[in-house]
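Engineer: show me the folded form of this:
(one chain, ligands or ions: 2)
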Amino acid sequence: MYFQLIYFRVKGDSMLHTYIETDYAPEVCTLCNGSGCSDGGLCKACGGQGTVLVAQPARICHVCGGAGQSGDGLCRVCGGSGWARF
Ligand SMILES: [Zn+2]
Ligand SMILES: [Zn+2]
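Structural biologist: Numbering: from 1, shown residues only. Ligands and ions are numbered 1, 2, ... in the order given. Next up is the predicted model:
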């Protein structure tokens, strides 16, 4: 979400825009498989939307292999979505 905010902030600036020319597209959240729910509540990875914005071209998170979980909880790199954000 942090990078997404930067993208929108500099969107109108043609010089800065060349550095952050990244497209984002919604991909199905792998943690909840698009249902928006996990563990009896809203999915922590997508906030209940079932999709997450992912920088294109979309890549699987290399840390968790797309599972969204690593070690004792959510993957810290992808936030549980299973997608590489950057
Ligand atoms: Zn989800
Ligand atoms: Zn991950």
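
Engineer: what's the nearest residue to C75 if we skip its chain neighbours?
Structural biologist: Of all residues not flanking C75 in the chain, C64 sits nearest, at 3.9 Å (CB to CB, 6 or more residues apart in numbering). Every residue, glycine included, has its C-beta placed from N, CA and C.

Engineer: now that neighbour: which helix or strand?
Structural biologist: According to DSSP states H and E, C64 maps onto no helix or strand at all.

Engineer: that one touches G71, doesn't it?
Structural biologist: No - C64 lies out of contact with G71 (CB atoms under 8 Å); the separation is 9.2 Å.

Engineer: still on that earlier bit, the residue nearest to C75 and ligand 1, how far apart?
Structural biologist: Applying CB to the ion, to the nearest Å, the value for C64 to ligand 1 is 14 Å.

Engineer: what pLDDT does V10 get?
Structural biologist: As predicted, V10 sits at a pLDDT of 46.

Engineer: can you get me a residue count around G41?
Structural biologist: If you count neighbours by other CB atoms under 10 Å, G41 ends up with 8.

Engineer: enumerate the residues of the protein near ligand 2.
Structural biologist: Residues of the chain lying near ligand 2 by CB under 5 Å from the ion: C61, V63, C64, C75, V77, C78.

Engineer: can you put those in a markdown table and add pLDDT?
Structural biologist: Below are these laid out as a markdown table (pLDDT from 0 to 100):
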| residue | pLDDT |
| --- | --- |
| C61 | 94 |
| V63 | 92 |
| C64 | 94 |
| C75 | 94 |
| V77 | 91 |
| C78 | 93 |
